[in-house]
Each structure stands twice: as structure tokens, then as C-alpha cells.
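K.L.:
Mind folding the following:
(2 chains)
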Amino acid sequence: MSAGWNETKALVTDTFREAFARRVFWGFFGCCTALLLFLIFIMRVDVVQGALATITIFGQTSPARDVENLVEGTQTVIAMVLYFAGMALSVFASAGLVSAVFEPGRIELLLSKPVSRVHLLLGRYLGNVLVVAANIAWLVGGSWIIFGVKTGVWGVGFLLSAFFTVFIFAVLLSVLVLCGVLWDSAAIGIMAAFAMMVITPILAQKSTLERLLDSEWSRDVVRVLYYVLPKTSDISLIIRHLILGQAIDSWMPVWSTALFGVAVLGAGLWRFERRSF
Amino acid sequence: MSEFAIETEGLTKVFRRLRAVDEVSIRVPVGSTFGLLGPNGAGKTTFVKMLLSAAHPTAGRAMAFGRDTREPEARRPIGYLPENHRFPTYMTGRDMLDFYGALSGMNESARRNRITELLNLVGLDERAHNLRLGKYSKGMLQRVGLAQALMHKPKLLVLDEPSDGVDPVGRKHIRDILQELERQGVTIFLNSHLLAEVELFCREVAIIQRGKVALTGKVEDLTRGSGYRVEGVGVPEALATELRSNARTVSSNNGTLELLYATRDEANHAVDLMRRQGCAIEALARTRSTLEEVFMKTVDPGAGATQ
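P.N.:
Numbers count the residues shown, from 1 in each chain, chains lettered A, B, ... in the order given. Next comes the predicted model:
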């Protein structure tokens, strides 16, 4: 086993244990399971002479030939709800898990162990991402199987939406980590992450904003903010295109958001490395 | 391998204008028991934090077994029990030892074998092993904290107020464990306000005041020869009054008068007076200072003079 694996596993397990204890994990899991059960019961499939005849979802009945469109449409709704509401809930639930590590009386003992600070913080970060990923995988994977078994539609676009939801959460978690390291505050981290979730969809309308703004410098500010900050709104469009099987115009929102996440997490690690407790 | 388990060179920590730790250089030989003393706010905790790399020094460096403790590997032989610890309350005693054991580099089977052994050693019964730490008493938390520090069989044990909140029986138990570790050659660095405890257990001490080392040395040397104790039986009241005038302290118990004199001449004079009046001498011995007296003289010389 490679060096450091034991320690990483311990840090990840500890994050899960704390999430279980805080009922964060169970809250998530309960919501996801409720949604899966809801899907099982609201989706009725009528089979006539061994072939799919009609499908009813949310009380809307479609002939079998339109089933793919209906499934993809429903999956898009689930993916979008998960992407925005699920992400907000995840940020809210994870903020405490990050700042808990910096509590006096706990951090000193962690730092006295033969583990580098970078390893400690990344282990906790990874644990947090995996807590959220486990729930998203359960919801998306579960509903994908339900749709597949009931309708025979097995599009991978919906599965990819889970990856992008976890990805954007990981980026926002890096903001929580940086705020936690700088101010030991879960509240500031939540505010910063929520601010980004609110501001970035507005910035995504940059062509409209540029038309409305009358000075060049204010248009420059909008452009800089758009390119620097995570592009939650643009990535939600990518998810929609993936589920509907449409072509993706540009992957720039993904890689620039990844760059933002790496930079912010790097800043958090840098500060943590230098901080005295 | 260095002959010192702990070695600090000009260790300094400045918070804005406050020099919390001011050029502290301490050497703790391998296998010794060392006590760090000082009044509140003297800089002891900051010193320990720098020793374990939780706080970064403004100047100087701290080493364990010859390696700078800022390197993670240098901290591998160290077991630490912090003061005012906040162990995760969602863990059971077993979980906690497993977690910190893993962070100390122990593999799963080694941890499994060691956990039960240690929880029993520190006096936690079977029921407590699987109880959440949130339900532990202060004394139980200290015990599990000590077990955590011992998990990976450290060569250096840094204990910050190890018997805080522990009852007298528990303290004796902890002291017995530490004495056994000392016999095994483990270096023990104790930071405690309980001077009697430090005096009972440590061979060497350093007293820190206002961030600086005010006094350091072997406990035996520091407490050597401070006065003379005379005990007499059947001392008439008039003579007792006369003897009291020169004595530092006086006590009477079941007809035995105990007097403490600062000098040998004063003690001899008291013996002469008692013998002249036919009193029996029960005891005559040289006394030692207590560590508390040494501490008080060091941190508050004015208060020491009036005692």
C-alpha cells in the first residue's frame, strides 16, 4: 500500500463518521431516497401485447414513441433541481465539517501527528466531496436505473450530470476551505459560496450586461468577473445538453471553473501551511 | 541519533508586540522526565505548540531526537495529550484510538491489537470502549487522551496537564503508567500546574516566566537543603513561646512540638534549650524545599520572602 494511504483513509472515514453524527449524511440520503421512491410511484408504464404502449410521468401520458423525449426531459428537471438546490444544501451542510477541523483543542492534536498539513486538509476535503458524491451517486444512479428498467432508456448524459454536480460542489467547497482557514468561520464560507451561486448566473448574461452598462471599465469588470469566477449557470447548460444528447459548444466554463477551484484550494492550503494555531 | 529527545534553540514567538516565548533553549535528555512549569500566560502552551509544530516560531527552532519538528517525520516518535482538548464527541473510545493511530502511521492490524490493550491499561472498562466520547466524564476523557498519546508506542510523550479532572486514585494510576513508561526508556515531558505532581514524577524542571526560562535544573538540586526540623516532646509552654520566636514554622501535635529553622545554629540552639529543660528530642533533620517554594521564589520573589 502506498505511503499515506492509511492516513488518507482515516481522514476520509472520519469525515463520513462526523457527517453521520451530524445527520448531514442521513438528511441527504433521506431526501434522495424519498425522491427515488417518488419516481418509482409516479412513473407508470403501460405495456400492451409485450410492447411499451404509454408512459405516465407527473400525470402526463405520452405514447411510447415519445418516451425518450419524456425521460430526458424528466431527467433534465431532476438534474437541474439536484444541481442548484442540492448544491446549495450540500454547501450549507458541509460548511460545519470544514471549520470543525480548526477548533482549538482539536487542530493541535491533528498537527502533532506525522502528517503534513497539506495532506490533512486535502484528506478532509476529499472526505467532504465523497460524502456529497455518495448521495448524488445514489440519487442519480438510482433514478437512472429506475428510468432504464421501466422505459429502456439508458442515456449516459444523465449519469454525467452527477459528475458535473459533484465537480461544481468541489469548487464551491474550496471556497469554504479558504474561508475556514482564513476566519475559522462556517458562516462566512456559506455566505461566500452562496454569493457565488447568485452572482455567477447574473454574470453569465454578460452580453446583456455589457449592453446595459455605459462605461468601458464597468464592462471590463463584468468580463473579468465572468472569466475568473466559477460558471455555475454555463455548466448547468452543459449538463442539459449532455442529457438531451446535444453538442457542447465550448468546454471553457468547465476548465476555467476547475482553474478557479484549484487556485482557491491552493490559496487555502498555502495559508493553512503557514498559519499558527 | 541525538542524545536529546527535545532540543530547542532560541525558540521565540512574537504575537504583535508580545514576546510570548523569548529565546527559550531547553535540552531534554533521552529517557528523562522533564517538567515545564510557569504561571498562567508564561508561554508554556505556546512553547509546547511550537515544539509540536502547531505554531510556527518567529525565530529559533525545535527538534525532537535531532530533527526539526516542522518535518512531519520528526513528529512520528511523539505522543501528545493536549490541554483543553476537544476530542470528536461522535467517536467512541475505540474509534478515537483507531483514527489517531492511523494518523500516526499504524496499520490496521497493529491498531486492532493495541486498542483494547491500551483502553484497559488506562482503566476504561469494556462498556466505555464502545461509548461515544460525548458521554465520557472529564476523567475518562483524560484517560482516553493518554491512551491516544500512547497508541503508536512513542519514544517521547508530551503531556499537557495529564491529570486535569482526574480523581486522586486516577492520578496515582496515571502516575504508575508514566513511571512504567519511564522504566521502559520513554522520555516524558510534562506541562502541569500541579507542582506536587511534577515534584513526585519529574527528575528535571524548567520554570518559564514572561516567555523566558527563569530557572532550570534537576529537582533534587533545586529543592536541596532549605532548613532544619526539630521535634521535641514535653516542651513547657514558656520554652515553646521562646522557641517560636526564631522558628520559620511551628506546629504542635499530640504533645510533640515541631519547629523549622532556617539555619543550623538556630536549630542547635533550640536543641540545647530543650535538652537543658529535660525535653526529649524526637527528631532532628535537614529539610528540603518543596518545588512549590522554589517555584514561588522564582516567579514571585516578593511573595516568597514573606512566607
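
K.L.:
From now on I want contacts and neighbour counts done on CA atoms only, so please keep to that.
P.N.:
OK.

K.L.:
Name the helix or strand for the residue in the stretch 151-300 of chain B that chain A sits nearest to, please.
P.N.:
Nearest to chain A, among the residues of the stretch 151-300 of chain B, is B:V158, at 10.2 Å (CA to the nearest CA). If you go by DSSP states H and E, B:V158 is part of strand B:156-160.

K.L.:
Looking only at residue counts, what's the top helix in chain A?
P.N.:
Secondary structure of chain A per DSSP state H: the longest helix is helix A:117-151.

K.L.:
Can you list the low-confidence ranges for the chain?
P.N.:
Using chain A here. Across chain A, residues meeting the criterion (pLDDT under 70) sit at A:1-3, A:44-60, A:62-66.

K.L.:
was after chain B, sorry
P.N.:
Checking chain B against pLDDT under 70 turns up B:225, B:302-307.

K.L.:
Strand partners (parallel or antiparallel) of the strand holding B:V158?
P.N.:
Sheet pairing here is set by DSSP bridges, and for strand B:156-160 it gives strand B:78-81 (parallel), strand B:187-191 (parallel).

K.L.:
which of these sits most buried?
P.N.:
Comparing the strands paired with strand B:156-160 by mean neighbour count (mean count of other CA atoms under 10 Å in any protein chain shown), strand B:78-81 comes out on top with a mean of 27.

K.L.:
The following helix or strand past that one and chain A, any residue contact?
P.N.:
Heading C-terminal from strand B:78-81, the first helix or strand you meet, by DSSP H and E, is helix B:93-103. Yes. Helix B:93-103 reaches chain A (CA under 8 Å from any CA of the partner chain) through B:99-100, B:102-103.

K.L.:
Show me what from the stretch 101-250 of chain B comes close to chain A.
P.N.:
If contact is defined as CA under 8 Å from any CA, the residues of the stretch 101-250 of chain B in contact with chain A are B:102-107.

K.L.:
Burial check on residue 222, number of neighbours?
P.N.:
All of this is about chain A. 21 (other CA atoms under 10 Å in any protein chain shown).

K.L.:
not quite, I wanted chain B
P.N.:
Residue crowding around B:L222 was assessed by other CA under 10 Å; the count is 20.

K.L.:
surely it meets B:V294?
P.N.:
Yes. Here B:L222 reaches B:V294: they are 7.1 Å apart, a contact under CA atoms under 8 Å.

K.L.:
tell me which element B:E231 falls in.
P.N.:
For B:E231, the element it lies in under DSSP H and E is strand B:227-233.

K.L.:
quick one, helices of the stretch 51-200 of chain B?
P.N.:
Under the criterion DSSP state H, counting those that start in this stretch, the stretch 51-200 of chain B contains helices at B:93-103, B:108-121, B:126-129, B:138-150, B:168-183, B:195-201.

K.L.:
Switch those helices over to TSV, and while doing so, append distance to B:P77 and mean neighbour count to every line.
P.N.:
Below are the helices of the stretch 51-200 of chain B laid out as TSV (distance: least, CA to CA, whole Å; neighbours: other CA atoms under 10 Å in any protein chain shown):
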stretch	distance to B:P77	mean neighbour count
helix B:93-103	12	24
helix B:108-121	16	16
helix B:126-129	25	14
helix B:138-150	10	23
helix B:168-183	14	16
helix B:195-201	22	17
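
K.L.:
Which one of those helices lies nearest to B:V28?
P.N.:
With CA to CA, the closest approach to B:V28 among these belongs to helix B:168-183: 13.6 Å.

K.L.:
got a list of contacts for the closest one?
P.N.:
With CA atoms under 8 Å, 6 or more residues apart in numbering or on different chains as the test, helix B:168-183 has contacts from B:31-33, B:122, B:139, B:163, B:188, B:201.

K.L.:
so which two of the residues you listed are the farthest from each other?
P.N.:
Spatially, the most separated pair among the contacts of helix B:168-183 is B:G31 and B:G139, at 27.1 Å (CA to CA).
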